[in-house]
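Peer 1: I'd like to go over a predicted model; first the sequence, then the structure.
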Amino acid sequence: MKSPAVVNFAPEKGSVEIRELERPVIGEEDVLLEVENVGVCGSDLHQWTADHSWTVNYPVVLGHEFGGRIVEVGSRVSGWKEGERVVSETAAVIDQNNPMTRQGRYNLDPTRKGFGYGVNGAMTRFVRVPARILHHVPDSLPMEQACLTEPCCVAYNAVVRNARIEPGDRVIVLGPGTIGILCAAMARLCGAQVAVVGLPQDAGRLEVARQYGCEVVIGDATAWAMQRDAMGCDGVIDAAGASITLKIALELVRPAGWISKVGWGPQPLGFNLDKLVQKNVTLQGSFSHYWPIWERVIALMASGQFDVRPVIGGVWPVTDWHTAFEKMHHGEVVKSVLRPL
């Protein structure tokens, strides 16, 4: 049985197309998942436009934000059965003996390979998934929302685990993409007063940030950062895909404040870090997620405490991937979702 798949086939710009692929063969510790929905990530766009900064195993099916139903279970898999609704983490290949994996921090295993760049992802009908990274989805949570558990976990890790927000803190988020807006929403859930900063062309996405109770700043956020006591904001979440935003963050944050950097940017810095020292600022990188974060985020989503509906700009058939990509790329929507079935 062949199914259409969105394949990134070469490192050159625009090297993405629909190809017909055979149904995957699973191993003893895998399940075969029939994908119901898959989110389009900024990293999918970066591979499409060829401005990414990570190694890709070409050709590869894109898509790492996904959920669906189990249709086949490997012979050594226990605790899972056909028909169950699940979402999957992204750590498709890990080294069980790596020291980080042994600590439960397999997201930081340097040999880790993820869906959509290291192994085939979910922008197709069927995907092979190791059973160790599955999570149950409650029946009350629609799959077009549940498939976005992954970016919500990225936000949770950046905001809850890798920052130190207290209720009443003033927090600035740089970059109104999916991760930036979800980070802002998570910071609001933690009790922070939040401003999301963008450019004039981000107006549509910034309106989505308003739906989460955030303030919006176009351009320079200095006035907002200095509003309380002229010392700067308590923390900055750098969710932009440009290195220069770290310099902006250092200007906006108060002495003894913090910066949580979650946005990727391949450009060299091109500026000194003296303000990091002078202000005694904590700079924390934040990458991916791991098991307990997923369980907490699914609980937040299923209870309605964390609502992803405002970021979803539409659902398209997987064969209309180009439209879905273009709408995100041009900022018409925050998040596009594909439907392989």
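Peer 2: Structure's in. What do you need?
Peer 1: C-alpha from now on. contacts and neighbour counts both.
Peer 2: Noted.
Peer 1: Test my guess that M328 contacts S336.
Peer 2: Yes - between M328 and S336 there is a contact under CA atoms under 8 Å: 6.5 Å.
Peer 1: Pick out whichever of the two has more residues nearby.
Peer 2: Shown here are M328 and S336; by other CA atoms under 10 Å, S336 has more neighbours (24 against 21).
Peer 1: three-state assignment of the more buried one?
Peer 2: strand (DSSP: H, G, I helix; E, B strand; the rest coil).
Peer 1: Bridging across strands, which residues link to it?
Peer 2: G314 (DSSP bridges).
Peer 1: Surely it is in contact with G42?
Peer 2: No - look at S336 against G42 with CA under 8 Å: they stay out of range, at 10.2 Å.
Peer 1: can you list contacts of stretch 214-222?
Peer 2: 184-185, 188, 193-200, 206-207, 209-210, 232, 252 (CA atoms under 8 Å, 6 or more residues apart in numbering).
Peer 1: swap the cut-off to 10 Å and go again
Peer 2: The contact list for stretch 214-222 (CA atoms under 10 Å, 6 or more residues apart in numbering) reads 172-174, 176, 181, 184-185, 187-188, 192-203, 206-210, 223-224, 230, 232-233, 248-249, 251-253.
Peer 1: returning to that earlier point: mind listing the shared neighbours of S336 and G42?
Peer 2: Contacts common to S336 and G42, judged by CA under 10 Å, 6+ apart, are 178, 325, 328.
Peer 1: what ranges do the strands span in the stretch 101-250 of the chain?
Peer 2: 113-114, 126-130, 134-136, 170-174, 193-198, 215-218, 233-238 (DSSP state E, counting those that start in this stretch).
Peer 1: So which of those is nearest T282?
Peer 2: strand 233-238 (9.4 Å; CA to CA).
Peer 1: relative to strand 193-198, how tilted is that closest one?
Peer 2: When axes from the mean of the first three to the mean of the last three CA atoms, to 10 degrees is applied, the directions of strand 233-238 and strand 193-198 differ by 40 degrees.
Peer 1: Now do strand 233-238: which elements does it pack against?
Peer 2: The helices and strands touching strand 233-238, judged by 3 or more CA pairs under 10 Å, 6 or more residues apart in numbering; DSSP states H and E, are strand 170-174, helix 178-189, strand 193-198, helix 222-226, helix 244-252, strand 253-261, strand 282-285.
Peer 1: Tell me the buried residues in the last one?
Peer 2: Spelled out, that is strand 282-285. Across strand 282-285, burial judged by 16 or more other CA atoms under 10 Å covers 282-283.
Peer 1: Give me the helices and strands touching the helix or strand that it is followed by, please.
Peer 2: As assigned by DSSP states H and E, the chain's next helix or strand after strand 282-285 is helix 291-303. Helices and strands touching helix 291-303, by 3+ CA pairs under 10 Å, 6+ apart, are strand 85-88, strand 134-136, helix 143-146, helix 149-156.
Peer 1: quick one: contacts of helix 291-303?
Peer 2: Contacts of helix 291-303 (CA under 10 Å, 6+ apart): 87-89, 104-107, 132-142, 145-146, 148-150, 152-157, 160-161, 304-308.
Peer 1: if you set the cut-off to 6 Å instead, what comes out?
Peer 2: 141, 306 (CA atoms under 6 Å, 6 or more residues apart in numbering).
Peer 1: can you check stretch 67-75 too?
Peer 2: 27-37, 82-87, 147.
Peer 1: Now that stretch: buried residues?
Peer 2: Neighbour-count burial for stretch 67-75 [16+ other CA under 10 Å]: 67-70, 72-74.
Peer 1: Any chance of a markdown table for the helices and strands packed on helix 291-303, columns mean neighbour count and mean pLDDT?
Peer 2: Listed next are these as a markdown table, based on neighbours: other CA atoms under 10 Å; pLDDT from 0 to 100:
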| stretch | mean neighbour count | mean pLDDT |
| --- | --- | --- |
| strand 85-88 | 24 | 98 |
| strand 134-136 | 18 | 98 |
| helix 143-146 | 24 | 98 |
| helix 149-156 | 26 | 98 |
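Peer 1: Adding distance to W264, write those out as a markdown table.
Peer 2: Shown next, in a markdown table, are those (distance: least, CA to CA, whole Å):
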| stretch | distance to W264 |
| --- | --- |
| strand 85-88 | 22 |
| strand 134-136 | 26 |
| helix 143-146 | 24 |
| helix 149-156 | 13 |
